[in-house]
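1. Sequence first, then the predicted structure:
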Amino acid sequence: MSHSHHQGHHHHHDLKGRNLGISIFLNIVITIAQVIGGLISGSLALLSDALHNFSDVLSLIVSYIANALSKKKASTNKTFGYKRAEIIAAFVNAATLMVVAIFLIIEAVKRFYKPEEIGSDLVIWLSIIAIIGNGFSVLLIKKDADVNMNMKSAYLHLLTDMLASVAVLIGGVLMKFYSIFWIDPLLTLLIALYLIYMGFDLLKESTNVLMLFTPKTIAVQEIVATISEIKLIKNVHHVHIWQLNEEEIHLEAHVDFKEDIKLSEFDEILEQIEERVYHQYGVNHVNIQPEYGKCDNKKIIVQD
């Protein structure tokens with residue numbers, strides 16, 4: 001059995017950690033201010049925004065810890081190291097988005113039946129502070145969010161909270177000048193539905209990685225056909241393709257040869273396989289078991 005891989009791209013962990021640290025501090029300040037302001041003003045939207053900000057703090061801490069763990073090297077009892085830490089963080093953060101959203105929907109429905117007068121001035125000023133703080137945090141981690149699932153989960157928390165604060169600001173203005181107090185639970189409901197919309201895809205994506213599902217960009221039959229085009233390869237079977245994290249896609253398979261080739265010939269063929277699957281499918285870890293005349297079912301492409 002032979003194993004080889006192409007080196008994946010490494011991101012600037014220290015910079016990510018610093019940016020996450022700044023975002024954590026800003027969100028702690030915003031959360032404390034919004035809780036106090038929400039209790040004084042009686043604004044459910046402001047309190048719901050504070051709750052979401054608190055979930056931001058927790059999610060950012062999870063992301064920070066996962067980012068730190070991902071730097072640790074592999075060992076004899078952890079041969080993959082902590083490469084999955086950031087995927088777990090993304091899953092946890094996406095799940096918390098959904099839980100927070102459900103809680104907000106319940107509270108919004110209750111307030112619809114019993115609307116309350118709200119101190120709009122405090123709501124307006126605190127929402128402006130939250131927009132500035134979260135907007136700065138969003139800009140800090142946006143670049144890494146494009147290529148890292150963990151950072152994307154943190155980014156979504158911050159982005160949705162910034163948008164929620166914009167909604168709260170609009171509601172505060174409408175309450176101040178038009179006394180439309182039912183806008184408060186309505187905005188809360190819209191915020192919650194947006195959280196579900198944003199969080200579901202990330203939850204599904206992180207679940208797929210944790211369950212070792214084949215990446216949606218790769219068709220197993222197609223990659224088998226590509227490898228089978230190489231001279232001397234008779235059959236490709238017992239294939240497993242999975243994503244370890246954002247940077248690593250693994251392929252393992254049994255390859256049946258037409259001839260009883262030398263080990264040096266196999267090495268040349270293995271290099272061809274690596275180049276094809278890397279450049280065409282982004283697979284950067286290849287593990288091939290060579291076979292010749294072995295009595296097993298060659299028709300089974302995928303097997304437990």
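-> Nice, thanks for sending it over. Numbers count the residues shown, from 1 in each chain.

2. CA only for contacts and neighbour counts going forward, please
-> Will do.

3. Quick one: neighbours of Glu259, just the number.
-> A count of nearby residues for Glu259, using other CA atoms under 10 Å, gives 12.

4. Just confirm it contacts Pro290, I think it does.
-> No: in this structure, Glu259 is not within contact of Pro290 by CA atoms under 8 Å, at 11.1 Å.

5. what helix or strand does Asn287 sit in?
-> Taking DSSP states H and E as the criterion, Asn287 maps to strand 285-291.

6. Packing partners of that strand?
-> With contacts defined as 3 or more CA pairs under 8 Å, 6 or more residues apart in numbering; DSSP states H and E, strand 285-291 has these neighbours: strand 2-5, strand 248-257, helix 263-281.

7. Kindly recompute the last result at 6 Å.
-> strand 2-5, strand 248-257 (3 or more CA pairs under 6 Å, 6 or more residues apart in numbering; DSSP states H and E).

8. pLDDT (mean, whole number) over the first one?
-> Confidence for strand 2-5, expressed as mean pLDDT, is 53.

9. Each with direction, which strands does the strand holding Asn287 pair with?
-> Note on strand 285-291: by DSSP bridges, its sheet partners are strand 2-5 (antiparallel), strand 248-257 (parallel).

10. average pLDDT for it?
-> Mean per-residue pLDDT for strand 285-291: 94.

11. quick check: angle from it to helix 263-281?
-> Angle, strand 285-291 to helix 263-281, by axes from the mean of the first three to the mean of the last three CA atoms, to 10 degrees: 140 degrees.

12. Show me which residues of strand 285-291 are buried.
-> By 16 or more other CA atoms under 10 Å, the buried positions in strand 285-291 come out as His285, Val286, Asn287, Ile288, Pro290, Glu291.

13. Tell me how far it lies from the chain's centre.
-> On the basis of CA atoms, centre = their mean, to the nearest Å, strand 285-291 is displaced by 30 Å from the centre of the chain it belongs to.

14. Kindly report the same for stretch 171-190.
-> A distance of 32 Å separates the centroid of the chain from that of stretch 171-190, by CA atoms, centre = their mean.

15. Name the residues of that stretch that are buried.
-> Within stretch 171-190, the residues scored as buried using 16+ other CA under 10 Å are 171-176, 180-190.

16. In strands only, show me the residues you listed.
-> With DSSP state E as the criterion, strands contain none of the buried residues of stretch 171-190.

17. Among those residues, which lie within helices?
-> 171-176, 183-190 (DSSP state H).

18. which residue sits closest to Leu126, ignoring its sequence neighbours?
-> Leaving aside its chain neighbours, Leu126 sits nearest to Gln34 (6.4 Å; criterion: CA to CA, 6 or more residues apart in numbering).

19. So that neighbour sits against Leu51, correct?
-> No: in this structure, Gln34 is not within contact of Leu51 by CA atoms under 6 Å, at 8.8 Å.
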